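Colleague: Need coordinates for the below:
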Amino acid sequence: MEKRLILRGVLAGAVAGLLAFVFARIFAEPQIDAAISYESGRDAAQETLDKAAGLPMDMGGPDIFSRTIQANIGIGVGMIFFGMAMGALFSVAYTVCLGRTGKLRPRTLAMLVALGGFLGMYFVPFIKYPANPPAIGHPETIRDRGNLYLGMVLCSVLFLVLAVWLGKRLQARFGNWNATLLAAAAYAVAIGTVMAILPSLGELQANVDEFGHHATETPLPLTDPQGKIVYPGFPADTLFDFRFFSVAAQLLLWAVIGLCFGPTAERLLDGRTAPAPAVAAAPAAA
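Modeller: Model (predicted):
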């Protein structure tokens with residue numbers, strides 16, 4: 001039974017990944033192109049300043065994959081496999097919750113688990129470390145950024161699991177509604193404490209040494225030695241649109257996983273619990 005549920009989760013994740021890719025290709029990809037154009041223009045302005053100052057030129061290497069391949073095959077395959085991985089994790093969590101959440105219908109449980117996956121795996125870590133398009137972030141901080149984001153995801157998932165456990169323990173004493181509110185409050189306090197402890201990306205040591213204290217790594221206006229702005233800072237509209245569509249794509253992915261998995265799991269579970277057909281009694285012997 002568990003293997004059949006996990007298979008359904010993987011298939012639902014593949015469908016969700018495909019739909020999320022189509023959405024991202026239509027709405028998020030133009031923001032990535034705008035960010036790449038900004039980065040190219042800023043690099044050209046920086047090269048002009050370095051040349052005027054007599055500094056050595058930094059010759060970047062060629063791209064391994066063209067932008068066309070990255071925006072189509074690359075992101076498409078990546079999102080489908082990501083959706084399959086999230087679908088497998090979703091189905092495992094669903095199997096663990098099955099039979100331990102009262103009298104919820106299988107498809108209702110599927111949507112609740114999908115909501116928990118979206119919040120725990122993506123949205124809550126996003127609040128602390130939001131997604132950034134190209135041109136935002138410095139090469140020296142890639143490893144630190146990756147470790148911080150991974151730690152944020154692990155803490156979010158762990159605290160979410162503990163909040164569910166706490167809600168179940170408090171249910172008998174405070175009732176279902178109050179227990180849920182108390183567990184949610186405990187989760188918010190715990191994850192809020194972690195967010196307060198972890199540093200912002202602008203406060204990473206490599207950024208402080210080169211750029212001073214800032215809240216983020218978003219590029220500020222580029223200035224010449226006299227302080228005159230020669231290239232503007234990163235466009236706020238592009239940053240907002242990219243982050244908005246990133247959240248929307250993840251919300252679509254998790255919603256589709258729940259919507260596709262729920263009915264198939266319900267049919268499977270109903271078939272498992274359906275009573276066997278009655279066998280007609282044999283006629284009595286004369």
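Colleague: What about residue 36, how many residues nearby?
Modeller: Residues contacting residue 36 under the criterion other C-beta atoms under 10 Å number 14. Yep, even glycine has a C-beta here, placed from its N, CA and C like the rest.
Colleague: By mean pLDDT, point me to the weakest helix or strand of this protein.
Modeller: When each helix and strand of the chain is scored by mean pLDDT, DSSP states H and E, helix 67-69 comes last, with a mean of 72.
Colleague: And the one helix or strand residue 168 maps to, what does it pack against?
Modeller: Using DSSP states H and E, residue 168 sits in helix 142-174. Packing partners of helix 142-174 (3 or more C-beta pairs under 8 Å, 6 or more residues apart in numbering; DSSP states H and E): helix 124-128, helix 176-197.
Colleague: Contacts made by whichever strand or helix holds residue 207 with the rest, please.
Modeller: Using DSSP H and E, residue 207 maps to helix 205-211. For helix 205-211, the external contacting residues (C-beta atoms under 8 Å, 6 or more residues apart in numbering) are 138, 140-141, 144, 201-202, 214, 217, 220.
Colleague: ok, residue 144 - contacts?
Modeller: Going by C-beta under 8 Å, 6+ apart, the list of residues near residue 144 reads 204, 206.
Colleague: The helix holding residue 168 vs helix 176-197, what angle?
Modeller: Here helix 142-174 points in a direction 160 degrees away from that of helix 176-197 (axes from the mean of the first three to the mean of the last three C-alpha atoms, to 10 degrees).
Colleague: what comes up buried for helix 142-174?
Modeller: 144-145, 148-149, 152-153, 155-157, 159-160, 163-164, 166-167, 170-171 (16 or more other C-beta atoms under 10 Å).
Colleague: follow-up on the earlier one: so which of the helices and strands packed on helix 142-174 is the most surrounded?
Modeller: A comparison of the helices and strands packed on helix 142-174 by mean neighbour count, using mean count of other C-beta atoms under 10 Å, puts helix 124-128 on top with a mean of 19.
Colleague: Residues in contact with that helix: which ones?
Modeller: Identification of contacts with helix 124-128 by C-beta under 8 Å, 6+ apart yields 149, 152-153, 156, 191, 195, 198, 243, 246-247.
Colleague: any chance of the residues you listed in JSON lines, plus pLDDT and distance to residue 70?
Modeller: Compiled in JSON lines, the contacts of helix 124-128 are given as follows (pLDDT from 0 to 100; distance: C-beta to C-beta, whole Å):
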{"residue": "149", "pLDDT": "96", "distance to residue 70": "21"}
{"residue": "152", "pLDDT": "97", "distance to residue 70": "26"}
{"residue": "153", "pLDDT": "97", "distance to residue 70": "24"}
{"residue": "156", "pLDDT": "97", "distance to residue 70": "29"}
{"residue": "191", "pLDDT": "97", "distance to residue 70": "33"}
{"residue": "195", "pLDDT": "96", "distance to residue 70": "32"}
{"residue": "198", "pLDDT": "95", "distance to residue 70": "30"}
{"residue": "243", "pLDDT": "97", "distance to residue 70": "20"}
{"residue": "246", "pLDDT": "96", "distance to residue 70": "16"}
{"residue": "247", "pLDDT": "97", "distance to residue 70": "21"}
